[in-house]
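Colleague: Give me coordinates for this.
(chains A and B)
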Amino acid sequence: MLYFSRWKAAATILTALVICLCAVPNFFSPEVVAGWPKWAQRHLVLGLDLQGGSHILLEVDANAVRKEKVETTRDDVRRVLRDARIGYTGLAVRGNTVEVRVRDDANAGQALTKLRELSVPLGGLLGGSGQRNLDISSDGNLVRLTVTDAAMLERIRQSVEQSIQIIERRVNELGTVEPLIQRQGADRILVQVPGLQDPARLKELLGKTAKLDFRMVDSNTPVEQALQGRVPPEDDLLYSASSPKTPYLIEKRVLVSGGDLTDAQPGFDQRTSEPIVSFRFNTSGARKFAQATQENVGRPFAIVLDNEVISAPVIREPILGGSGQISGSFTVQSANDLAILLRAGALPAPLTIIEERTVGPGLGADSIEKGKISSYVGAGLVVLFMLVTYGLFGLFANIAVAINVAMIFGVLSMLNATLTLPGIAGIVLTVGIAVDSNVLIYERIREELRAGRSAINAIDAGFSRALATILDSNITTFIAAAVLFYIGTGPVRGFAVTFGIGIITTVFTAFTVTRLIVATWVRWRRPQRLTI
Amino acid sequence: MRLLRLVPDNTKFDFMRFRHISFPLSALLSILAIVLYFSHGLNFGIDFRGGTLMEIREPAGTADIAKMRETLSGLNLGEVQLQQFGSAGEVLIRLAQQPGGETAQQEAVQKVRAALGDQIEYRRVEVVGPRVSGELLSYGIIGLGLAILGILVYLWFRFEWQFALGAMIANVHDLVLTIGFMSIAQIDFDLTSIAALLTILGYSLNDTVVIYDRIREILRRYKKLPMPEILNASVNQTLSRSVITHITVTLALLALLLFGGPAIHSFTATMMFGVVLVGTYTSIFIAAPMLIYLGVGVGRDSISAEPEPEIINPNAIPARFVEDTGADEIADKPAARPGAKSSITNKPAPKSKPKGRR
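Modeller: Predicted coordinates:
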């Protein structure tokens, strides 16, 4: 066990050195490191609990996605039957199913053929999953179109993907460093924004669907009638965004939607100096808007954002240029935010915040300080104890543990891992485990000495027998760390990472570094007696 | 230099005799822990119960908790707990889960912020909705179960099933006692506690495995020694290591407990109890003697009908009982020749399993 070939010794030293060197970028400021080659830039990331920031878990409203999907299908059915001039009654949505009754039995077959065209394979031509978006069945002149579960899941997946892109655009507007936005599970999105002073604004930006529509105000029906509960079927009763809440009757038909916007910028009205948001349509949006305004000069239209009326101006003249402005009791901040939301686009479905964890920068700095102090004190106590207990061999153990800790930081940097406060606790505990591996070896050497072996022979036997034990005991601990990593989130996962890596480096150090140090010493001193 | 010896060489404690005390004691304590769990319950934190936790600091230095409590209880937010946390200016506010789903939680935070004003530093705000808290709890339980199962399978492969089962019983016992402790001390039970429990599991197993390793070794080496003596010898031989290791872990934990701040206080307190108090006791007084009842080395006692008095203490192994490892011959020429490596490797006793010895 004490023999090291030159190559093995060199490989051991080189491996340990390279891994330790990976920790170097952490000691320099980000500006300095930025000038280094890409591969040398990997470094530790401080967790949100240490540098402050917000962790927000959002969930896509799956029910809204479901509802929208079924309603689209209903509209498709209506369009198909109208285009084919087939009379129908009782077009209705029941759960995930759209039902329609063909009025004339003679047309039932033709209607079914037409409606079957709505059912297409999922995933486009190359999908090949064999699943379709609709299950269509008929019973006499009653046709049922059911949206398949696969199609629903696909729609939810798409919604999450789109939402992530839109959130990225919104968060980037905040100008924060390295926000993390990723999908979690089937219908969730995790947003982590470090170093944010005020999460309220972030939440404001995340929580808005930002669905913008230009719709006509229904001026034929008095609002009072709608307020009494008789809303015409082609209208919605909506309220103004600003208080007092003014009711409006708005046509369901959308003239132009926010999807047709190409740009939105905050600004000031030239006459009133009030904050406004000016916008520009794309070509098709501009054409639609021009046509609508030409037809409706003198009537009021409404700018509706997330089912709230922002303003309802009267069209004085056709707007042909494809651009316009929204005014409506904005503050500078809210005009700015609305411009951001409009530029980023509307979310396909509302998002709900289901978990939020925000740490202020003050607490983060305190935690770093406490983590440092406790690590130094813990390490100091352990080092002292080992020296008192094992003397020279205690010094060897301390060197090995120091290399071990440096290697943990090296591996963490290589992985761009996140260091959290529990993560620091993990490192401190690793020091305990790393010391244990040395204790196991030394105690075994003591035993072998007592059994009457010579000094060198005892060291050799001690290592070879203790290493098997070290492996066994560390693998069991590693299993616990691995499970912790798998189930944990945030800080707990940070603990699992440092603890798990610590176990691996501990086994590596015990098998190579410690052995090499002792072997070198044995070769140098050729001890006849051991003080251990 | 004279080095510190905490445990004298060649201890000969009859640890196994204590099993007649330790087994009933542990059974009693476990029942007590379970009773505590059901009577006192665990102090579930917001991770598992849902709700809101806010850590605030009064920049002026001292927070008037009574006044804050009055302000907040006027908000009609259900149960509101306030607690000093760390220094005099720091307060922990806990709001129970608000009825009305995920958005209601966020609204509650807004109300508290509005009521307390902008002068206060909001050091930490955590809001966990009802759906997430349910999932976190089930993940935690699944995680603990998975860890136990994984470790069981590993030990079963590495040792015999009796060892795996013994370690398992011992460590479930650890977890039960620790949960009892958390219940009586009313330590916040949150995700960090699951981390603490898993670490305790890992550490305690680490300890058990070290002793089991030794038991297996002695089982292979001395074919005629009765089981209780093998167990005693194993525990005695590893005693010094157990003591030293636990002192170092305690030192590390002590530093975390004293200087780590309130954020990881409950984590380290739990670890201290689980690792230092329970873990060691379990490995020595539960895990090891358990093997007697699980039938490891059955048949030995009949073989050793003729006593072998000179090896009652295998610490002082007489030369004739030491297996010839082949290491002694090459002892004085270490690492001299390349290629001599394989002969230096210390071959342990023949690799037959103890089962074959029945």
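Colleague: pLDDT wise, what is the spatially closest residue to residue B:228 that is not a sequence neighbour at?
Modeller: For residue B:228, ignoring the flanking residues on the chain, the nearest one in space by CB to CB, 6 or more residues apart in numbering or on different chains is residue B:16 at 4.3 Å. For glycine as for every other residue, the C-beta is placed from the backbone atoms N, C-alpha and C. Model confidence at residue B:16, given as pLDDT, is 86.
Colleague: For residue B:16, give me its contacts.
Modeller: With CB atoms under 8 Å, 6 or more residues apart in numbering or on different chains as the criterion, the residues that contact residue B:16 are B:228, B:231, B:232, B:288, B:289, B:292.
Colleague: For chain B, just list every one of the strands.
Modeller: Across chain B, reading from the start of the chain, the strands by DSSP state E fall at B:43-44, B:51-57, B:80-84, B:90-95, B:121-128, B:188-189.
Colleague: Chain A: which of the ones you listed is closest?
Modeller: Minimum separation from chain A across those (CB to the nearest CB) falls at strand B:121-128, 3.9 Å.
Colleague: For that closest one, which strands pair with it and how are they oriented?
Modeller: If you go by DSSP bridges, strand B:121-128 pairs up with strand A:351-359 (antiparallel), strand B:51-57 (antiparallel).
Colleague: Return the longest one as PDB; C-alpha atoms alone will do.
Modeller: Listed next in PDB are the C-alpha coordinates belonging to strand A:351-359 (Å, rounded to 0.1, in the frame of the first residue of the first chain):
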ATOM      1  CA  LEU A 351     -49.400  32.500 -14.300                       C
ATOM      2  CA  THR A 352     -49.800  32.100 -10.500                       C
ATOM      3  CA  ILE A 353     -47.000  32.600  -8.000                       C
ATOM      4  CA  ILE A 354     -47.100  29.400  -5.900                       C
ATOM      5  CA  GLU A 355     -43.900  29.800  -4.000                       C
ATOM      6  CA  GLU A 356     -41.700  32.900  -3.300                       C
ATOM      7  CA  ARG A 357     -38.500  33.100  -1.300                       C
ATOM      8  CA  THR A 358     -36.800  36.500  -1.200                       C
ATOM      9  CA  VAL A 359     -33.700  37.300   0.800                       C
END
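Colleague: Measure how the next helix-or-strand element following it sits relative to strand B:90-95, angle-wise.
Modeller: If you walk from strand A:351-359 toward the C-terminus, the next helix or strand you reach (DSSP states H and E) is helix A:361-390. Here helix A:361-390 runs at 110 degrees with respect to strand B:90-95, directions being taken by axes from the mean of the first three to the mean of the last three CA atoms, to 10 degrees.
Colleague: so who does residue 61 touch?
Modeller: Picking chain A for this. When the contact criterion is CB under 8 Å, 6+ apart, the partners of residue A:61 are A:349, A:350, A:351, A:352.
Colleague: ah, no, chain B please
Modeller: By CB under 8 Å, 6+ apart, the contact list for residue B:61 reads B:88, B:89.
Colleague: among the contacts of residue B:16, which are in helices?
Modeller: With helices taken from DSSP state H, the overlap with those comprises B:228, B:231, B:232, B:288, B:289, B:292.
Colleague: ok, which pair from those is furthest apart?
Modeller: Using CB to CB, the two most remote members of those are B:232 and B:292, lying 11.0 Å apart.
Colleague: residues near the residue of the stretch 201-350 of chain A found nearest chain B, how many?
Modeller: Going by CB to the nearest CB, chain B is nearest to residue A:203 of the stretch 201-350 of chain A, at 7.1 Å. Neighbours of residue A:203 under the rule other CB atoms under 10 Å in any protein chain shown: 20.
Colleague: I'd say it and residue B:105 touch.
Modeller: No - judged on CB atoms under 8 Å, residue A:203 makes no contact with residue B:105 at a distance of 11.7 Å.
Colleague: can you list the weak-confidence ranges in the stretch 401-532 of chain A?
Modeller: Applying pLDDT under 70 to the stretch 401-532 of chain A picks out residues A:489-491.
Colleague: quick one: the helices in it?
Modeller: Counting by DSSP state H, counting those that start in this stretch, the segments of the stretch 401-532 of chain A that form helices are A:421-450, A:455-487, A:490-508, A:515-525.
Colleague: Export these to JSON lines and append columns for mean neighbour count and distance to residue A:158.
Modeller: Converted to JSON lines, the helices of the stretch 401-532 of chain A look like this (neighbours: other CB atoms under 10 Å in any protein chain shown; distance: least, CB to CB, whole Å):
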{"stretch": "helix A:421-450", "mean neighbour count": "26", "distance to residue A:158": "36"}
{"stretch": "helix A:455-487", "mean neighbour count": "23", "distance to residue A:158": "28"}
{"stretch": "helix A:490-508", "mean neighbour count": "25", "distance to residue A:158": "28"}
{"stretch": "helix A:515-525", "mean neighbour count": "17", "distance to residue A:158": "56"}
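Colleague: Tell me which residues of the lowest-mean-pLDDT helix or strand in chain A come out buried.
Modeller: With mean pLDDT, DSSP states H and E as the measure, the helix or strand of chain A carrying the lowest mean pLDDT is helix A:30-34 (a mean of 80). Across helix A:30-34, burial judged by 16 or more other CB atoms under 10 Å in any protein chain shown covers residue A:33.
Colleague: Can the next helix or strand after that helix be said to contact chain B?
Modeller: If you walk from helix A:30-34 toward the C-terminus, the next helix or strand you reach (DSSP H and E) is strand A:45-46. No - using CB under 8 Å from any CB of the partner chain, strand A:45-46 stays clear of chain B, with a minimum separation of 14.7 Å.
Colleague: hmm, back to that, quick one: the residue nearest to residue B:228 from chain A, how far?
Modeller: Look at residue B:16 and chain A: by CB to the nearest CB, to the nearest Å, they are 20 Å apart.
Colleague: Look up how far residue A:498 lies from the nearest residue to residue A:147 once chain neighbours are set aside.
Modeller: Take residue A:147 and drop its neighbours on the chain: the residue closest to it by CB to CB, 6+ apart is residue A:96, 4.8 Å away. Residue A:96 sits 47 Å away from residue A:498, taking CB to CB, to the nearest Å as the criterion.
Colleague: Kindly report the same for residue A:381.
Modeller: From residue A:381 to residue A:498 the distance is 20 Å (CB to CB).
Colleague: go on, residue B:119?
Modeller: Separation of residue B:119 from residue A:498 (CB to CB): 37 Å.
Colleague: low-scoring stretches of the stretch 251-358 of chain B, by residue?
Modeller: Of all residues in the stretch 251-358 of chain B, those with pLDDT under 70 make up the ranges B:298-358.
Colleague: 50 instead, please
Modeller: For the stretch 251-358 of chain B, residues meeting the criterion pLDDT under 50 lie at B:302-358.
Colleague: Could you pull up the residues touching residue A:436?
Modeller: Taking CB under 8 Å, 6+ apart as the criterion, residue A:436 is in contact with A:473, B:206, B:241, B:245, B:248, B:249.
Colleague: what's the most distant pair in these?
Modeller: The most widely separated members of these, counting by CB to CB, are A:473 and B:248 (14.6 Å).
Colleague: So residue B:289 is in contact with residue B:231, correct?
Modeller: Yes - counting by CB under 8 Å, residue B:289 sits close enough to residue B:231 to count as a contact (6.4 Å).
Colleague: got any residues that touch both of those two?
Modeller: Residues touching both residue B:289 and residue B:231 (CB under 8 Å, 6+ apart) are B:15, B:16.
Colleague: Who has more neighbours out of those two?
Modeller: Between residue B:289 and residue B:231, counted using other CB under 10 Å, the more crowded position is residue B:231 (28 against 25).
Colleague: got the contact list for the more buried one?
Modeller: Residue B:231 touches B:15, B:16, B:215, B:288, B:289, B:291, B:292, counting by CB under 8 Å, 6+ apart.
Colleague: Out of those residues, which comes closest to chain A?
Modeller: The shortest separation between chain A and any of the contacts of residue B:231 is 11.4 Å, and it belongs to residue B:215 (by CB to the nearest CB).
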